[in-house]
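Undergrad: Return atomic coordinates for the entry below.
(2 chains)
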Amino acid sequence: MTLRVYNTLSGEKELFEPVVPGKVGMYLCGPTVYKPSHIGHAVGPVIFDTIKRYLSFKGYKVTWVVNVTDVDDKLIVASRETGRTVPEIARDMEKKYVEAMAALGVRSIDQMPRASEHIREIVSHIQQLIDRAAAYVVGGDVYFDVSKDADYGKLSNRKSEEQFAGTREGLVQAAKRNSGDFALWKGAKPDEPPEVQYDSPWGKGRPGWHIECSAMAMRYLGQTFDIHGGGLDLKFPHHENEIAQAETATGKVFAKYWLHNGLTRFNTKKISKSDPDFEKVMESLQLSNLLAKHPPELLRYLIIQSHYRSPIDFSDQALSACKSALDSLYRLLERVERATGADPYSLKVLAEHVRDTGANPPAAELIEAVVRGQVRFLEAMDDDFNTAGAIGVLFEMAGHLNRYLDATRLETNSNEPSRLALQGAAGTFLVLARLLGLLLERPSKRGGDGDAESEKLMGLFIEIRKMARDARQFQIADAIRNRLSEIGFVLEDGQDGTRWRRA
RNA sequence: GGCCGCGUGCCCGAGUGGACUAAGGGAGCGGAUUGCAAAUCCGUGAUUCGUCGGUUCGAAUCCGACCGCGGCCUCCA
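TA: Okay, the predicted model is just below:
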């Protein structure tokens, strides 16, 4: 099976062949740490984490770098507004970002270099461009000369000069040779805090927006690496300029594959800083707020349940639909645990291990279905990381497992060959789910950790209700169940007794 | 205005020339099960993939036009 990825550079799906066989270097444009992250900031990391999991599964040794922009206009403004220093704000926001990512299951980032700690690399990168006459100094600023880059615009398909014009209000255009030229180094202004004034051959100042990424990507991944990603909105000018800087400096291909994820939308509109309702909408979409309200895995599921290049429409309805779906997978795991008498995560048996299902047609069918599903799952992932398709397969497998459990009644009867087949099928199911970063943790046992009291209390309710049921006092039994349900505890009567869970 | 992308059942969302009699999820409805529920399972739903043309033996999938939506061209993941 061969992996194909959609490359923005060519506009086509291409066969994935890393620069160095067996190894993959990938770079994702990370956050500017000046204010709390919102749900959209989680999309890239979750997708790249999933990509890294998959590439690792396929045997590649993957190095993943995510930069932290901690020197920037917006940080200076934030510092002015809050009275905190730029590094204080930056470290604080970075910490929150990292915590949010960890909660979402994104724990595989290898390096998170900060721009502020790579000024030397940035300065020498700029110097290279000046030496090659591709950049020029005006006052304390340094600009990249786009006319020196023959294939400038190749990523975003921009050719005409007018499209490069950065006609931002207040910007002095006269200083630039071409309207599309962009800043590599910004000379310090007198009113800017000293902590963002770095020494350079061109006087005190700070890096332009794009240069840190090409400098740090090459520092950690080499002059040519495999995958560069980011949101679709970064294609131009950010990524275009990264390519221009890096390739003009080295004369080599910068990144081989460019992957761009779709943007998160709210009420079918992009979450944009220029939106008048931006602040209000932001509040509800802040990652920290969302993570406080919902299981992190739910957000992750929402993100990967559609293809990474599609936009995601974020809404409460979408979240609750995801919750129902995800809950059913956890219920399945609980059934498996009951039937096998073991924590499904400790089962190291895979479907392909179960060769002999004996004269046991349901078991043979289950194993066959799961093995076939595994192939389809991997095919989907090989097709430009089609996580949506892969999740579809997962649910089909879940259906097979539930049917098998219904048919064999393994939760109440024991039968060794049947149990083995279940273990194998469930083991494979879990391995695949975890490739997507789903079902990473054992279903928190009902009430959750450290909730022994709930366990005892619910046991008591169940016991009393059983007495009522045995006496056929169903009004009492139903009252107990209804009242508990109102408080958020669901009772389920099964063949082997009554179970409870939180709604 | 230029450059991208999208339009699939009630909603979300895969599928990008023939295995599509269009995956999967959510919601609904009917049934099995249950004292009743919940959970699980079964059944049910697009003769059709924005519209109209074209290419082809064959198109949701390719081409063109049109309609609608969104993104970028200014800070943005």
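Undergrad: hey, which helix or strand in chain A has the poorest pLDDT?
TA: strand A:269-270 (a mean of 70; mean pLDDT, DSSP states H and E).
Undergrad: Quick check: residues of the stretch 301-450 of chain A near RNA strand B?
TA: A:305-307, A:310-313, A:317-318, A:320-322, A:324-325, A:328, A:331-332, A:380, A:383-384, A:386, A:388-389, A:391-392, A:395-396, A:398-399, A:402-403, A:405-406 (C-beta under 7 Å from any atom of the strand). All C-beta atoms are positioned from the backbone trio N, CA, C, and that covers glycine.
Undergrad: number of nearby residues for the residue in the stretch 251-400 of chain A that RNA strand B sits nearest to?
TA: As assessed by C-beta to the nearest atom of the strand, RNA strand B sits closest to A:Gly392 within the stretch 251-400 of chain A, at 2.5 Å. When neighbours are defined as other C-beta atoms under 10 Å, A:Gly392 has 16 of them.
Undergrad: Surely it is within a helix?
TA: Yes - counting by DSSP: H, G, I helix; E, B strand; the rest coil, one finds A:Gly392 located in a helix.
Undergrad: Next, the contact list for it, please.
TA: A:Gly392 makes contact with A:Ala380, according to C-beta atoms under 8 Å, 6 or more residues apart in numbering.
Undergrad: Roughly how far does it sit from A:Leu432?
TA: 12 Å (C-beta to C-beta, to the nearest Å).
Undergrad: repeat for A:Phe225
TA: A:Phe225 is 28 Å from A:Leu432, by C-beta to C-beta.
Undergrad: now do A:Val77
TA: 46 Å.
Undergrad: now swap in A:Val336 and tell me
TA: 14 Å.
Undergrad: just A:Phe377 next, same as before
TA: 5 Å.
Undergrad: any common contacting residues for those two?
TA: A:Ala390, A:Val393, A:Leu394.
Undergrad: after whatever helix or strand A:Leu75 lives in, next one along is what?
TA: Secondary structure from DSSP states H and E places A:Leu75 in helix A:73-82. Counting by DSSP H and E, the element after helix A:73-82 in chain order, helix or strand, is helix A:86-103.
Undergrad: right, quick check: that next one against RNA strand B, any contact?
TA: No - Helix A:86-103 lies out of reach of RNA strand B by C-beta under 7 Å from any atom of the strand, never closer than 10.0 Å.
Undergrad: Distance from that helix to the middle of the chain?
TA: 16 Å (C-alpha atoms, centre = their mean, to the nearest Å).
Undergrad: Which secondary structure elements does the helix or strand just after it sit against?
TA: The helix or strand immediately downstream of helix A:86-103 is helix A:119-131, counting by DSSP H and E. Here helix A:119-131 touches strand A:135-138, strand A:141-144, strand A:182-187, helix A:211-221, helix A:240-250, going by 3 or more C-beta pairs under 8 Å, 6 or more residues apart in numbering; DSSP states H and E.
Undergrad: Compare the ones you listed and give me the one nearest RNA strand B.
TA: Nearest of those (C-beta to the nearest atom of the strand): strand A:182-187, 7.3 Å.
Undergrad: What sits closest to A:Trp258 if chain neighbours are left out?
TA: A:Thr8 (4.1 Å; C-beta to C-beta, 6 or more residues apart in numbering).
Undergrad: who does A:Glu14 bridge with?
TA: Beta-bridge pairing for A:Glu14 (DSSP bridges): A:Val5.
Undergrad: mind listing what it touches?
TA: Here A:Glu14 is in contact with A:Arg4, A:Val5, A:Tyr6, A:Asn7, A:Tyr257 (criterion: C-beta under 8 Å, 6+ apart).
Undergrad: Which members of those residues are classed as buried?
TA: A:Val5, A:Tyr6, A:Asn7, A:Tyr257 (16 or more other C-beta atoms under 10 Å).
Undergrad: And the first one, how far from A:Ile47?
TA: This means A:Val5. On the measure of C-beta to C-beta, A:Val5 and A:Ile47 end up 12 Å apart.
Undergrad: other SSEs contacting the helix or strand hosting A:Glu365?
TA: Element membership for A:Glu365 (DSSP H and E) is helix A:361-382. In this structure, helix A:361-382 makes packing contacts with helix A:387-408, helix A:416-435, judged by 3+ C-beta pairs under 8 Å, 6+ apart.
Undergrad: again, 10 Å this time
TA: helix A:39-57, helix A:387-408, helix A:416-435 (3 or more C-beta pairs under 10 Å, 6 or more residues apart in numbering; DSSP states H and E).
Undergrad: and the direction of it versus that of helix A:387-408, what angle?
TA: Relative orientation of helix A:361-382 versus helix A:387-408 (axes from the mean of the first three to the mean of the last three C-alpha atoms, to 10 degrees): 170 degrees.
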